[in-house]
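Undergrad: Task: produce atomic coordinates for the following.
(2 chains)
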Protein chains: 2
Amino acid sequence: MAQIKYEDLIKLIEQILEKGYGYSKDEAHITAWVLAEADARNIPSHGASRLDFYRKNLQGGFAKPGSMPKIVWETPCSLVIDGQDNVGCFVADWSVKKLIEKVKNIGSAYCAVRNSNHFGIAGLWAEEIAKNDMLGMAFTNTRACAIATNGKMRVLGTNPIAVAIPEKDGKQFLLDMATTTVAHGKVEVYDRRKKPMPLGWAVDENGKGTEDATAFEKLFYGNPLYGGHLFLGGEGEESGGHKGYGLGLLVELLCSGLSLGISSFNTFQKGQGSGITHFFAAFKLDLFGNPQEVKEHIGEILQDIRKGEKAEGQNRIYTHGEKEAESRAKSIKEGVYIDEPTWKLLESLKAEFKI
Amino acid sequence: MAQIKYEDLIKLIEQILEKGYGYSKDEAHITAWVLAEADARNIPSHGASRLDFYRKNLQGGFAKPGSMPKIVWETPCSLVIDGQDNVGCFVADWSVKKLIEKVKNIGSAYCAVRNSNHFGIAGLWAEEIAKNDMLGMAFTNTRACAIATNGKMRVLGTNPIAVAIPEKDGKQFLLDMATTTVAHGKVEVYDRRKKPMPLGWAVDENGKGTEDATAFEKLFYGNPLYGGHLFLGGEGEESGGHKGYGLGLLVELLCSGLSLGISSFNTFQKGQGSGITHFFAAFKLDLFGNPQEVKEHIGEILQDIRKGEKAEGQNRIYTHGEKEAESRAKSIKEGVYIDEPTWKLLESLKAEFKI
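TA: You can find the predicted model right below:
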């Protein structure tokens, strides 16, 4: 574990991206901010550790810094944006700013984005929208890693859903969730510890539920098509796996469907950009009444939930976004904790690029 | 099992509602159509069997046929409607029609509804919107029956999410799902068979996961506050229960939050209407391109998923809405199948009201 000041972490990542990866100043700044925000919120899977993945995207020709996103379809309440394969955080920031302008004018708008790349934590974009007394939503597809109910091929991404709703006092309800049961990083932990993982996380090459984390790891990286993650609710229909699959598929249709882009199954083809697609939605709270009154009512509902009686052995009921906001406040005050492998990655990139 | 022609089922329910329950002609017609549609789609939990629940809502003073919904807040792209405690199917129909008119004018709009009642299958309202080359969404809260992660009190409803997206050839992707793991009817089946139900469906009065369907049934109807359904993903966070809870809470904030209405926890209080709230959203497909092209692209993505290789022992991958559409087509052709208890209920209502 190392610790670094929030501002210093942003600066360090910026320098790596600008000097080492060839990002423009703007591209580097936005990407560094997004990654540092994930680490500050204690979501290390989406923080500085992603520098490795972002570099591979450059080397594979999937991400092309320097290109400019362009609007390919526009109405007063909608935008379709072609990211031109630029880095995802930059494309998302560019798109969300344009969306917010539309919403300020007309009250409600949507933005579908094609030919982008990994845009960091989905919740950050929903939150940026919600800072404007708006409800914000962000969705993205990803590389295919998950199976449809009754299938055995990896056909859909982790396809996260993020929704931010302003509460009073500057707080936000912030739901940010992969529609798969777990992220792949959780399987890796069980593999390292040589322990069986819970059923409902993944299926093998025959589409059968598996607890063997080590075999699944091998399959996931060795076999290009078969075996993959399960969606929320697990295998089959008994515990609602078809519902989680439905949510993942819904995200796919919003992102790659409405942007007329590439679906998860066809992303990351050699010789092309990754083809990642996003979808953003926003509307003003004053569509429903006095915004202050709406925010207070939202806050009261959340407060009622939080103060409900706790299950045996539990001492707190969280509403979504609280854990991350508390981690962030601590990180800003005390510094951001970075795990050992990520710190080594940062050190080696610093050395390589003479920073 | 009895069988009845689709049109005759609508007519029979209409007569019961008009002659027996005191619904107006319009209220009876819309409600009968919604219930018959559920039975025709093989969703009997939301079909004619609900006549019993709808009657209790009348007797308890929770539903008041004859009152007129009114618009309490309006912008060019939004509506807040007070259902004035009228029956939910009528309020939903009235609201959705107004929403569709707004969307035709401006491209995208939202509608929050307070003081309504049970509106039948959520998917039907999303589908009605989607018939207009729009994407349609419908959400509702319900009587409190589900717990928050780490809690033991029933604080949220089954809070369904429904989204309909037009495909080519008049077909629709139609996701319609309670955000709880299962509907209560599934617990009843295990209780009747005296079999343990799967973990991840419900918790006992201490907030601990339970497999005892019989004890849970007793608790659910006997104890007003403690023990309840789990959301998709089950207990705790290991298999994503906090995500399902987040979706349920999101639905609550959209429905009771944005309508400035009553939350699930406070519905069905003696001396008041039930206080059920809904939220509808709609936008035109031409916000994103030529609607025909968008629909074809949506259809291609769905087709890719359906034709994926099947898991061992499975012979079909469904996309959402297919099963219900196929059941409906069969019912229209052959007649609607009605289970024995529901048929007896219909017969007894016919006798009582001399139909």
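
Undergrad: Need the nearest residue in space to A:Glu237, chain neighbours excluded.
TA: A:Thr149 (6.9 Å; C-beta to C-beta, 6 or more residues apart in numbering or on different chains). For every residue, glycine as well, the C-beta is placed using N, CA and C.

Undergrad: Now the one you found: which helix or strand?
TA: Under the criterion DSSP states H and E, no helix or strand holds A:Thr149.

Undergrad: With A:Trp73 instead?
TA: strand A:70-75.

Undergrad: show me where the stretch 151-300 of chain A has helices.
TA: Per DSSP state H, counting those that start in this stretch, the stretch 151-300 of chain A carries helices over the ranges A:184-192, A:213-222, A:241-252, A:291-306.

Undergrad: picking that back up, I'd like to know which elements the helix or strand just after the strand holding A:Trp73 is packed against.
TA: Sequence-wise, the next helix or strand beyond strand A:70-75 is strand A:78-82, with elements assigned using DSSP H and E. Contacts defined by 3 or more C-beta pairs under 8 Å, 6 or more residues apart in numbering or on different chains; DSSP states H and E place strand A:78-82 against strand A:70-75, helix A:88-106, strand A:108-116.

Undergrad: Of all the residues in the shortest one, which ones are buried?
TA: By neighbour count with 16 or more other C-beta atoms under 10 Å in any protein chain shown, strand A:70-75 contains the buried residues A:72-73, A:75.

Undergrad: Using a markdown table, lay out those residues together with distance to chain B and pLDDT.
TA: Below are the buried residues of strand A:70-75 laid out as a markdown table (distance: C-beta to the nearest C-beta, whole Å; pLDDT from 0 to 100):
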| residue | distance to chain B | pLDDT |
| --- | --- | --- |
| A:Val72 | 9 | 98 |
| A:Trp73 | 5 | 98 |
| A:Thr75 | 5 | 98 |
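
Undergrad: List just the nearest of those to A:Asp82.
TA: The closest of these to A:Asp82 turns out to be A:Val72 (C-beta to C-beta; 5.0 Å).

Undergrad: Which single residue of the stretch 101-250 of chain A approaches chain B most closely?
TA: Residue of the stretch 101-250 of chain A nearest chain B, by C-beta to the nearest C-beta: A:Gly207 (2.4 Å).

Undergrad: That residue touches A:Gly151, doesn't it?
TA: Yes - counting by C-beta atoms under 8 Å, A:Gly207 touches A:Gly151, with 6.2 Å between them.

Undergrad: Which neighbours do those two have in common?
TA: B:310-311, B:314 (C-beta atoms under 8 Å, 6 or more residues apart in numbering or on different chains).

Undergrad: By mean pLDDT, which helix or strand of chain A comes out lowest?
TA: helix A:184-192 (a mean of 88; mean pLDDT, DSSP states H and E).

Undergrad: and that one, what other elements does it pack with?
TA: Short answer (3+ C-beta pairs under 8 Å, 6+ apart): helix A:184-192 packs on helix A:213-222.

Undergrad: okay, now the nearest residue to A:Glu74 once chain neighbours are set aside: neighbour count?
TA: Take A:Glu74 and drop its neighbours on the chain: the residue closest to it by C-beta to C-beta, 6+ apart is A:Val80, 7.5 Å away. When counting by other C-beta atoms under 10 Å in any protein chain shown, one arrives at 24 neighbours for A:Val80.

Undergrad: my guess is A:Val80 meets A:Val72, correct?
TA: Yes - under the criterion of C-beta under 8 Å, A:Val80 makes contact with A:Val72 at 5.1 Å.

Undergrad: Report the contact partners of A:Asp39.
TA: Taking C-beta under 8 Å, 6+ apart, one finds A:9, A:47-48, A:331, A:336-338 in contact with A:Asp39.

Undergrad: Can you go through those residues and name the buried ones?
TA: A:9, A:47-48, A:331, A:336-338.

Undergrad: Tell me the one among the shared contacts of A:Gly207 and A:Gly151 nearest to chain A.
TA: Nearest to chain A among the shared contacts of A:Gly207 and A:Gly151, with distances taken as C-beta to the nearest C-beta, is B:Ala311, at 2.4 Å.

Undergrad: Can you read off the pLDDT for the closest one?
TA: pLDDT for B:Ala311: 98.

Undergrad: neighbours around the closest residue to it other than its chain neighbours, how many?
TA: Once flanking residues are discounted, B:Ala311 sits nearest to A:Gly207: 2.4 Å by C-beta to C-beta, 6+ apart. Using other C-beta under 10 Å, A:Gly207 has 24 other residues around it.

Undergrad: swap in the one 3 residues further on?
TA: The burial metric for A:Thr210, expressed as a neighbour count using other C-beta under 10 Å, is 20.

Undergrad: quick one: contacts for it?
TA: Contacts of A:Thr210 by C-beta under 8 Å, 6+ apart are A:199, A:202-204, A:216, A:227.

Undergrad: run the last query once more with 10 Å
TA: By C-beta atoms under 10 Å, 6 or more residues apart in numbering or on different chains, the contact list for A:Thr210 reads A:196-197, A:199, A:201-204, A:216, A:219, A:227, A:230, A:235.

Undergrad: Would you map the strands across chain A?
TA: If DSSP state E is used as the criterion, the strands of chain A fall at A:2-4, A:70-75, A:78-82, A:108-116, A:134-140, A:161-166, A:172-177, A:202-203, A:228-229, A:276-284, A:336-338.

Undergrad: what are the pairing partners of the second one, and which direction each?
TA: In this case it means strand A:70-75. Counting by DSSP bridges, the strands paired with strand A:70-75 are strand A:78-82 (antiparallel).

Undergrad: Thought A:Gly241 was touching the residue nearest to A:Glu237, still the case?
TA: Yes - the criterion here is C-beta atoms under 10 Å, and A:Thr149 meets it with A:Gly241 at 5.4 Å.

Undergrad: joint contacts of those two?
TA: Contacts common to A:Thr149 and A:Gly241, judged by C-beta under 10 Å, 6+ apart, are A:230-231, A:233-235.

Undergrad: for the buried ones among the contacts of A:Asp39, which one is nearest B:Val187?
TA: A:Gly47 (41.7 Å).

Undergrad: Look up how far chain B lies from the closest one.
TA: Using C-beta to the nearest C-beta, to the nearest Å, we find A:Gly47 at a distance of 20 Å from chain B.

Undergrad: separation between the closest residue to that residue other than its chain neighbours and chain B?
TA: Leaving aside its sequence neighbours, A:Gly47 sits nearest to A:Asp39 (C-beta to C-beta, 6+ apart; 3.4 Å). Distance, A:Asp39 to chain B, by C-beta to the nearest C-beta: 21 Å.

Undergrad: With A:Gly289 instead?
TA: From A:Gly289 to chain B the distance is 5 Å (C-beta to the nearest C-beta).

Undergrad: In PyMOL, select just the buried ones from the shared contacts of A:Gly207 and A:Gly151.
TA: The PyMOL command for the buried members of the shared contacts of A:Gly207 and A:Gly151 (criterion: 16+ other C-beta under 10 Å) is given here:
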select buried, chain B and resi 310+311
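
Undergrad: got the shared contacts of A:Gly207 and A:Gly151 as a markdown table, with distance to A:Lys168 columns?
TA: What follows is the shared contacts of A:Gly207 and A:Gly151, written out as a markdown table (distance: C-beta to C-beta, whole Å):
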| residue | distance to A:Lys168 |
| --- | --- |
| B:Lys310 | 50 |
| B:Ala311 | 48 |
| B:Gln314 | 49 |
